[in-house]
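Trainee: Build me a structure from this.
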Amino acid sequence: MSSILIVEQILNGLQFGVMLFLMAAGLTLIFGVMGLINLAHGSLYMVGAFAAAAVAGATGSFFLGLVAALASAALAGAIIEIVVIRRLYDAPHLDQVLATFALILIFSEGTRWFFGSFPLFLNIPQALSGPVTLPGGIEYPLYRLSLIVIGVAIAGGLWLFIERTRIGIQIRAGENDREMIAVLGVDISKLYTLVFALGAALAGLAGALVGAIQSVQVGMGEPVLILAFVVIVIGGIGSIRGAFIGALLVGLTDTLGGVFLPEFLGLFMEPGAAQKSGSAIASMGIYILMGLVLIWRPTGLFGARA
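Mentor: Modelled structure (predicted):
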(Lines give C-alpha, C1' and ligand atoms only; values in the text may rest on other atoms or scores of the structure.)
Protein backbone atom coordinates (compact mmCIF):
# COMPACT_ATOMS: atom_id res chain seq x y z
CA MET A 1 0.00 0.00 0.00
CA SER A 2 1.46 3.35 -1.06
CA SER A 3 2.43 5.75 1.72
CA ILE A 4 1.43 8.61 -0.59
CA LEU A 5 -2.10 7.19 -0.86
CA ILE A 6 -2.31 6.87 2.93
CA VAL A 7 -1.25 10.50 3.47
CA GLU A 8 -3.66 11.73 0.80
CA GLN A 9 -6.57 9.89 2.38
CA ILE A 10 -5.67 11.14 5.86
CA LEU A 11 -5.73 14.69 4.48
CA ASN A 12 -9.07 13.98 2.80
CA GLY A 13 -10.39 12.73 6.13
CA LEU A 14 -9.15 15.85 7.92
CA GLN A 15 -10.73 18.08 5.28
CA PHE A 16 -14.05 16.26 5.62
CA GLY A 17 -13.76 16.44 9.39
CA VAL A 18 -13.17 20.18 9.65
CA MET A 19 -16.13 20.86 7.35
CA LEU A 20 -18.27 18.63 9.57
CA PHE A 21 -17.03 20.66 12.53
CA LEU A 22 -18.45 23.86 11.04
CA MET A 23 -21.83 22.16 10.89
CA ALA A 24 -21.58 20.46 14.25
CA ALA A 25 -20.25 23.49 16.17
CA GLY A 26 -23.40 25.51 15.53
CA LEU A 27 -25.61 22.52 16.18
CA THR A 28 -23.97 21.69 19.50
CA LEU A 29 -24.18 25.33 20.64
CA ILE A 30 -27.88 25.50 19.78
CA PHE A 31 -28.65 22.18 21.43
CA GLY A 32 -26.40 22.81 24.43
CA VAL A 33 -27.52 26.39 25.16
CA MET A 34 -31.17 26.25 24.09
CA GLY A 35 -31.96 22.56 24.55
CA LEU A 36 -33.42 22.64 21.04
CA ILE A 37 -33.35 19.83 18.49
CA ASN A 38 -32.94 21.72 15.21
CA LEU A 39 -33.43 19.48 12.20
CA ALA A 40 -33.41 22.56 9.94
CA HIS A 41 -29.70 23.16 10.51
CA GLY A 42 -28.88 21.31 7.29
CA SER A 43 -31.16 23.68 5.39
CA LEU A 44 -29.00 26.61 6.53
CA TYR A 45 -26.00 24.74 5.12
CA MET A 46 -27.89 24.58 1.82
CA VAL A 47 -28.83 28.27 1.99
CA GLY A 48 -25.17 29.24 2.35
CA ALA A 49 -24.16 27.07 -0.61
CA PHE A 50 -26.85 28.49 -2.90
CA ALA A 51 -26.14 32.08 -1.85
CA ALA A 52 -22.43 31.61 -2.53
CA ALA A 53 -23.05 29.99 -5.92
CA ALA A 54 -25.50 32.70 -6.97
CA VAL A 55 -23.35 35.65 -5.89
CA ALA A 56 -20.10 34.14 -7.19
CA GLY A 57 -21.80 33.40 -10.51
CA ALA A 58 -23.12 36.97 -10.77
CA THR A 59 -19.95 38.77 -9.67
CA GLY A 60 -17.20 36.33 -10.59
CA SER A 61 -15.82 36.61 -7.03
CA PHE A 62 -15.65 33.49 -4.89
CA PHE A 63 -14.86 35.55 -1.81
CA LEU A 64 -17.95 37.73 -2.25
CA GLY A 65 -19.82 34.45 -2.47
CA LEU A 66 -18.44 33.45 0.94
CA VAL A 67 -19.56 36.77 2.41
CA ALA A 68 -23.01 36.23 0.93
CA ALA A 69 -23.12 32.71 2.37
CA LEU A 70 -22.29 33.95 5.87
CA ALA A 71 -24.74 36.87 5.70
CA SER A 72 -27.65 34.95 4.16
CA ALA A 73 -27.36 31.95 6.49
CA ALA A 74 -27.02 34.17 9.58
CA LEU A 75 -30.01 36.28 8.49
CA ALA A 76 -32.10 33.19 7.74
CA GLY A 77 -31.12 31.74 11.11
CA ALA A 78 -32.05 34.92 12.98
CA ILE A 79 -35.41 35.15 11.20
CA ILE A 80 -36.46 31.57 11.89
CA GLU A 81 -35.30 31.88 15.51
CA ILE A 82 -37.47 34.97 16.02
CA VAL A 83 -40.48 33.76 14.03
CA VAL A 84 -40.55 30.02 14.77
CA ILE A 85 -37.90 28.69 17.15
CA ARG A 86 -38.57 31.17 19.97
CA ARG A 87 -41.96 29.57 20.49
CA LEU A 88 -40.46 26.09 20.90
CA TYR A 89 -37.97 26.45 23.76
CA ASP A 90 -40.37 25.15 26.39
CA ALA A 91 -42.14 22.74 24.03
CA PRO A 92 -41.61 18.96 24.13
CA HIS A 93 -38.83 17.65 21.91
CA LEU A 94 -41.38 16.02 19.61
CA ASP A 95 -42.88 19.44 18.84
CA GLN A 96 -39.40 20.78 18.11
CA VAL A 97 -38.67 17.89 15.76
CA LEU A 98 -41.96 18.32 13.88
CA ALA A 99 -41.61 22.11 13.58
CA THR A 100 -38.00 22.04 12.38
CA PHE A 101 -38.80 19.18 9.98
CA ALA A 102 -41.48 21.44 8.51
CA LEU A 103 -38.79 24.09 8.06
CA ILE A 104 -36.74 21.58 6.05
CA LEU A 105 -39.66 21.17 3.63
CA ILE A 106 -40.23 24.93 3.42
CA PHE A 107 -36.56 25.67 2.71
CA SER A 108 -36.25 22.83 0.18
CA GLU A 109 -39.32 23.79 -1.82
CA GLY A 110 -38.56 27.51 -1.53
CA THR A 111 -35.04 26.95 -2.85
CA ARG A 112 -36.38 24.74 -5.65
CA TRP A 113 -38.91 27.43 -6.59
CA PHE A 114 -36.29 30.21 -6.57
CA PHE A 115 -33.29 28.44 -8.15
CA GLY A 116 -34.91 25.54 -9.97
CA SER A 117 -34.27 21.81 -9.64
CA PHE A 118 -30.95 21.71 -11.47
CA PRO A 119 -27.73 21.85 -9.44
CA LEU A 120 -25.51 24.92 -9.43
CA PHE A 121 -21.73 24.85 -9.59
CA LEU A 122 -19.28 26.98 -7.64
CA ASN A 123 -15.84 27.31 -9.18
CA ILE A 124 -12.71 27.08 -7.07
CA PRO A 125 -10.97 30.50 -7.02
CA GLN A 126 -7.97 30.77 -9.30
CA ALA A 127 -5.66 31.61 -6.40
CA LEU A 128 -6.50 28.27 -4.73
CA SER A 129 -6.72 26.04 -7.78
CA GLY A 130 -4.21 23.38 -8.72
CA PRO A 131 -2.05 21.14 -6.55
CA VAL A 132 0.57 22.01 -3.97
CA THR A 133 3.66 19.88 -3.31
CA LEU A 134 3.96 18.72 0.29
CA PRO A 135 7.06 17.30 2.01
CA GLY A 136 7.87 13.89 0.56
CA GLY A 137 6.84 14.92 -2.93
CA ILE A 138 3.12 14.45 -2.25
CA GLU A 139 0.89 16.55 -4.47
CA TYR A 140 -2.40 17.56 -2.92
CA PRO A 141 -5.13 19.99 -4.09
CA LEU A 142 -4.42 23.45 -2.70
CA TYR A 143 -8.11 24.17 -2.18
CA ARG A 144 -8.66 21.09 -0.01
CA LEU A 145 -5.55 21.93 2.01
CA SER A 146 -6.90 25.47 2.43
CA LEU A 147 -10.16 24.05 3.78
CA ILE A 148 -8.22 22.24 6.50
CA VAL A 149 -6.38 25.43 7.46
CA ILE A 150 -9.58 27.51 7.41
CA GLY A 151 -11.45 24.95 9.50
CA VAL A 152 -8.70 24.73 12.13
CA ALA A 153 -8.46 28.55 12.27
CA ILE A 154 -12.22 28.89 12.75
CA ALA A 155 -12.16 26.21 15.44
CA GLY A 156 -9.46 28.12 17.31
CA GLY A 157 -11.27 31.43 16.90
CA LEU A 158 -14.57 29.97 18.04
CA TRP A 159 -12.94 28.41 21.10
CA LEU A 160 -11.40 31.78 22.03
CA PHE A 161 -14.77 33.49 21.48
CA ILE A 162 -16.60 31.04 23.75
CA GLU A 163 -13.90 30.84 26.43
CA ARG A 164 -12.40 34.33 26.51
CA THR A 165 -15.10 36.89 25.65
CA ARG A 166 -17.95 38.33 27.70
CA ILE A 167 -20.56 37.06 25.25
CA GLY A 168 -18.92 33.64 25.34
CA ILE A 169 -19.18 33.61 29.13
CA GLN A 170 -22.88 34.46 28.83
CA ILE A 171 -23.36 31.64 26.31
CA ARG A 172 -21.68 29.13 28.64
CA ALA A 173 -23.68 30.44 31.59
CA GLY A 174 -26.88 30.14 29.58
CA GLU A 175 -26.06 26.52 28.91
CA ASN A 176 -25.89 25.82 32.65
CA ASP A 177 -28.66 28.04 34.05
CA ARG A 178 -30.64 30.25 31.68
CA GLU A 179 -32.97 31.52 34.42
CA MET A 180 -30.08 32.77 36.55
CA ILE A 181 -28.41 34.79 33.79
CA ALA A 182 -31.79 36.31 32.90
CA VAL A 183 -32.15 37.42 36.55
CA LEU A 184 -28.65 38.94 36.35
CA GLY A 185 -29.79 41.23 33.53
CA VAL A 186 -28.74 39.37 30.38
CA ASP A 187 -31.30 39.67 27.57
CA ILE A 188 -31.81 35.96 27.00
CA SER A 189 -33.85 36.48 23.82
CA LYS A 190 -31.07 38.45 22.14
CA LEU A 191 -28.49 35.95 23.35
CA TYR A 192 -30.47 33.07 21.84
CA THR A 193 -30.86 34.91 18.55
CA LEU A 194 -27.11 35.57 18.48
CA VAL A 195 -26.28 31.91 19.18
CA PHE A 196 -28.70 30.72 16.53
CA ALA A 197 -27.40 33.21 13.94
CA LEU A 198 -23.79 32.25 14.74
CA GLY A 199 -24.56 28.54 14.32
CA ALA A 200 -26.41 29.27 11.07
CA ALA A 201 -23.51 31.34 9.72
CA LEU A 202 -21.04 28.51 10.40
CA ALA A 203 -23.34 26.04 8.62
CA GLY A 204 -23.73 28.41 5.67
CA LEU A 205 -19.98 28.89 5.42
CA ALA A 206 -19.47 25.12 5.40
CA GLY A 207 -22.02 24.77 2.62
CA ALA A 208 -20.27 27.43 0.53
CA LEU A 209 -16.80 25.96 1.01
CA VAL A 210 -17.94 22.41 0.21
CA GLY A 211 -20.01 23.70 -2.70
CA ALA A 212 -16.81 24.30 -4.68
CA ILE A 213 -15.92 20.58 -4.63
CA GLN A 214 -19.47 19.20 -4.86
CA SER A 215 -22.57 20.28 -6.71
CA VAL A 216 -24.91 22.74 -4.98
CA GLN A 217 -28.36 21.19 -4.98
CA VAL A 218 -31.64 21.03 -3.09
CA GLY A 219 -31.47 18.61 -0.15
CA MET A 220 -27.68 18.69 0.13
CA GLY A 221 -27.85 19.51 3.85
CA GLU A 222 -29.76 16.50 5.13
CA PRO A 223 -27.01 13.83 4.77
CA VAL A 224 -24.52 16.20 6.42
CA LEU A 225 -26.97 16.91 9.24
CA ILE A 226 -27.06 13.21 10.18
CA LEU A 227 -23.26 13.14 10.39
CA ALA A 228 -23.26 16.36 12.42
CA PHE A 229 -25.57 14.76 14.99
CA VAL A 230 -23.18 11.79 15.19
CA VAL A 231 -20.32 14.25 15.77
CA ILE A 232 -21.98 16.03 18.69
CA VAL A 233 -23.03 12.75 20.29
CA ILE A 234 -19.43 11.51 20.10
CA GLY A 235 -17.90 14.81 21.22
CA GLY A 236 -20.45 15.68 23.90
CA ILE A 237 -23.39 18.04 23.63
CA GLY A 238 -22.45 21.69 24.14
CA SER A 239 -18.69 21.18 23.82
CA ILE A 240 -16.83 23.01 21.03
CA ARG A 241 -13.69 20.99 21.75
CA GLY A 242 -15.76 17.82 21.65
CA ALA A 243 -17.32 18.84 18.32
CA PHE A 244 -13.86 19.41 16.83
CA ILE A 245 -12.39 16.10 18.04
CA GLY A 246 -15.56 14.23 17.17
CA ALA A 247 -15.64 15.73 13.67
CA LEU A 248 -12.05 14.71 12.99
CA LEU A 249 -12.74 11.17 14.23
CA VAL A 250 -15.83 10.86 12.04
CA GLY A 251 -14.09 12.34 9.00
CA LEU A 252 -11.08 10.04 9.29
CA THR A 253 -13.18 6.96 10.07
CA ASP A 254 -15.49 7.53 7.13
CA THR A 255 -12.73 8.35 4.63
CA LEU A 256 -10.12 5.79 5.63
CA GLY A 257 -12.68 3.04 6.13
CA GLY A 258 -14.18 3.54 2.69
CA VAL A 259 -10.77 3.38 0.99
CA PHE A 260 -8.79 0.83 2.99
CA LEU A 261 -11.31 -1.66 4.41
CA PRO A 262 -12.02 -3.28 1.01
CA GLU A 263 -8.26 -3.55 0.40
CA PHE A 264 -7.71 -5.10 3.84
CA LEU A 265 -10.51 -7.64 3.41
CA GLY A 266 -9.10 -8.43 -0.02
CA LEU A 267 -6.21 -10.14 1.76
CA PHE A 268 -8.61 -12.83 2.99
CA MET A 269 -11.49 -12.77 0.50
CA GLU A 270 -12.12 -12.66 -3.20
CA PRO A 271 -11.99 -9.11 -4.66
CA GLY A 272 -15.73 -8.85 -5.36
CA ALA A 273 -16.76 -10.04 -1.91
CA ALA A 274 -14.09 -7.90 -0.25
CA GLN A 275 -15.31 -4.78 -2.04
CA LYS A 276 -18.92 -5.45 -1.13
CA SER A 277 -18.21 -6.36 2.48
CA GLY A 278 -15.70 -3.56 2.97
CA SER A 279 -18.05 -0.91 1.64
CA ALA A 280 -20.87 -2.17 3.85
CA ILE A 281 -18.73 -2.20 7.00
CA ALA A 282 -17.21 1.20 6.17
CA SER A 283 -20.67 2.75 5.86
CA MET A 284 -21.40 1.54 9.39
CA GLY A 285 -18.00 2.60 10.74
CA ILE A 286 -18.97 5.97 12.19
CA TYR A 287 -22.01 4.47 13.94
CA ILE A 288 -19.88 1.68 15.37
CA LEU A 289 -17.47 4.37 16.59
CA MET A 290 -20.35 6.29 18.16
CA GLY A 291 -21.59 3.15 19.92
CA LEU A 292 -18.15 2.38 21.34
CA VAL A 293 -17.74 5.94 22.63
CA LEU A 294 -21.17 5.88 24.28
CA ILE A 295 -20.45 2.53 25.93
CA TRP A 296 -17.26 3.98 27.40
CA ARG A 297 -18.62 7.46 28.15
CA PRO A 298 -22.40 7.94 27.72
CA THR A 299 -22.17 11.75 27.75
CA GLY A 300 -19.62 11.83 24.89
CA LEU A 301 -15.89 12.48 25.00
CA PHE A 302 -16.12 15.98 26.46
CA GLY A 303 -19.72 16.12 27.64
CA ALA A 304 -20.47 16.95 31.25
CA ARG A 305 -20.92 13.90 33.44
CA ALA A 306 -24.41 13.44 34.76
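Trainee: Surely Ala99 and Leu88 touch.
Mentor: Yes: using CB atoms under 8 Å, Ala99 makes contact with Leu88 at a distance of 5.7 Å. All C-beta atoms are positioned from the backbone trio N, CA, C, and that covers glycine.
Trainee: give me the low-pLDDT residue ranges for the stretch 51-200 of the chain?
Mentor: Low-confidence segments of the stretch 51-200 of the chain (pLDDT under 70): 174-178, 184.
Trainee: how about a cut-off of 90?
Mentor: 60, 85-97, 116-119, 121-139, 159, 161-193, 195 (pLDDT under 90).
Trainee: tell me what the host helix or strand of Met284 is packed against?
Mentor: Per DSSP states H and E, Met284 falls inside helix 271-296. Applying 3 or more CB pairs under 8 Å, 6 or more residues apart in numbering; DSSP states H and E, we find helix 271-296 packed against helix 221-235, helix 240-265.
Trainee: any chance of the ones you listed in JSON lines, plus mean neighbour count and mean pLDDT?
Mentor: Below are those laid out as JSON lines (neighbours: other CB atoms under 10 Å; pLDDT from 0 to 100):
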{"stretch": "helix 221-235", "mean neighbour count": "22", "mean pLDDT": "91"}
{"stretch": "helix 240-265", "mean neighbour count": "22", "mean pLDDT": "89"}
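Trainee: Columns distance to Val195 on top of those helices, output as JSON lines?
Mentor: Below are these laid out as JSON lines (distance: least, CB to CB, whole Å):
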{"stretch": "helix 221-235", "distance to Val195": "15"}
{"stretch": "helix 240-265", "distance to Val195": "12"}
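Trainee: where exactly do the helices run in the stretch 51-200 of the chain?
Mentor: Assigned by DSSP state H, counting those that start in this stretch, the stretch 51-200 of the chain shows helices spanning 62-83, 93-115, 142-164, 166-176, 178-183, 188-211.
Trainee: Please work out which of these is packed deepest.
Mentor: Most buried of the helices of the stretch 51-200 of the chain by mean neighbour count (mean count of other CB atoms under 10 Å) is helix 188-211; its value is a mean of 25.
Trainee: show me the contacts for the closest residue to Arg297 other than its chain neighbours.
Mentor: Distances taken as CB to CB, 6 or more residues apart in numbering place Gly303 nearest to Arg297, at 7.5 Å, with adjacent residues excluded. Gly303 makes contact with Gly235, Gly236, Ile237, Gly238, Ser239, Gly242, Arg297, according to CB atoms under 8 Å, 6 or more residues apart in numbering.
Trainee: who wins for most neighbours among those residues?
Mentor: With neighbours defined as other CB atoms under 10 Å, the most crowded of these is Gly235; it has 29 neighbours.
Trainee: how about that one, what does it touch?
Mentor: Residues near Gly235 by CB under 8 Å, 6+ apart: 24, 28, 241-247, 300-303.
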